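Undergrad: quick one: sequence and predicted model below, then my questions.
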Amino acid sequence: MSDGGHDGRRPAILAIDTATTRVVIATGSPDGTADGVSTWVAGYRHGETLLPSIGRILGEQNVRRSRLRGIVVGTGPGAFTGLRVGMATAKGLAHCLGIPLVGVSTGEALLAAATAAAGGDVLLLPAGPSDRVLVRAGAAPRLLPGGTDPDLAPGEVLLAVDLEDRAPADALVRGEAARDGLGATLLRLGAAALQADPAGVLATLVPEYVTLPRGAQPTDGTVEWSRDPR
């Protein structure tokens, strides 16, 4: 879905996230105020649909590419295919347009969105068919092997995304409420990152895949993320 509108002559920023099963694209002003958010179930066609969809959404919001002043991309944790396509697309656009690119942790953005929605302090995301990833604000994501429950501190509230039948129902409700606010939150956090680093991080930005590279093992439960700078 899409809402809002934009004066095509005004500067804008674009946010892209493909770390979950739903693609999120958002446009807004350089101060991080959202004016349009679109989201849809990705399926397995990221490579075919993402770039044309971005063009369509920019057209619907009357945002000219020449007026984009920066791009924000969600860095995960997320599955390999979707996250790789999303980040490669964001990098390609930033390079072609000569504008800065910054990354925002999708997990951190979901937690921030949860604070403004239904609450939640600890996020669960899928990592393959049985494992899960636990995300706390300000801490490295941790891999939870299949059958391992999250160790919640007193008062902590759980939210979960893309874990139907693998997480409590109330955590899933909170997760969907957070995902509804993901686009606006990415814009807000990304705008702050662009202001702090106007040159962006195009050359060094890497994704956080939820699958471990072959032969790697978690250390004290902390995920040793796969790093691919391409």
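TA: Received it, and whenever you're ready, just let me know what you need.
Undergrad: moving C-terminal from the lengthiest helix in the chain, which element do we reach first?
TA: Of all the segments assigned as helix in the chain under DSSP state H, the longest by residue count is helix 80-97. Toward the C-terminal end, the helix or strand that comes next after helix 80-97 (DSSP states H and E) is strand 101-104.
Undergrad: list the helices and strands that following strand packs on?
TA: Counting contacts by 3 or more Cβ pairs under 8 Å, 6 or more residues apart in numbering; DSSP states H and E, strand 101-104 packs against strand 68-74, helix 80-97, helix 182-196. Every residue, glycine included, has its C-beta placed from N, CA and C.
Undergrad: lowest-confidence stretch among the ones you listed?
TA: Note on the helices and strands packed on strand 101-104: lowest mean pLDDT is at helix 80-97, with a mean of 93.
Undergrad: which residues sit against it?
TA: Helix 80-97 is touched from outside by 14, 16-21, 23, 42, 44, 46-47, 50-51, 54, 65-66, 68, 70-71, 73-76, 100-101, 103, 200, 202, 205, 207-209, 211, 226, 228, 230, with contacts defined as Cβ atoms under 8 Å, 6 or more residues apart in numbering.
Undergrad: what angle sits between that helix and strand 68-74?
TA: In this structure, helix 80-97 runs at an angle of 170 degrees to strand 68-74, with axes from the mean of the first three to the mean of the last three Cα atoms, to 10 degrees as the basis.
Undergrad: pull out the buried positions in helix 80-97.
TA: Burial within helix 80-97, assessed by neighbour count using 16 or more other Cβ atoms under 10 Å, is assigned to 82-91, 93-94, 97.
Undergrad: I'd like those residues as JSON lines, with distance to Ala160 appended.
TA: Formatted as JSON lines, these follow (distance: Cβ to Cβ, whole Å):
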{"residue": "Gly82", "distance to Ala160": "18"}
{"residue": "Leu83", "distance to Ala160": "18"}
{"residue": "Arg84", "distance to Ala160": "23"}
{"residue": "Val85", "distance to Ala160": "24"}
{"residue": "Gly86", "distance to Ala160": "21"}
{"residue": "Met87", "distance to Ala160": "24"}
{"residue": "Ala88", "distance to Ala160": "28"}
{"residue": "Thr89", "distance to Ala160": "27"}
{"residue": "Ala90", "distance to Ala160": "26"}
{"residue": "Lys91", "distance to Ala160": "29"}
{"residue": "Leu93", "distance to Ala160": "31"}
{"residue": "Ala94", "distance to Ala160": "32"}
{"residue": "Leu97", "distance to Ala160": "36"}
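Undergrad: sounds good, over and out.
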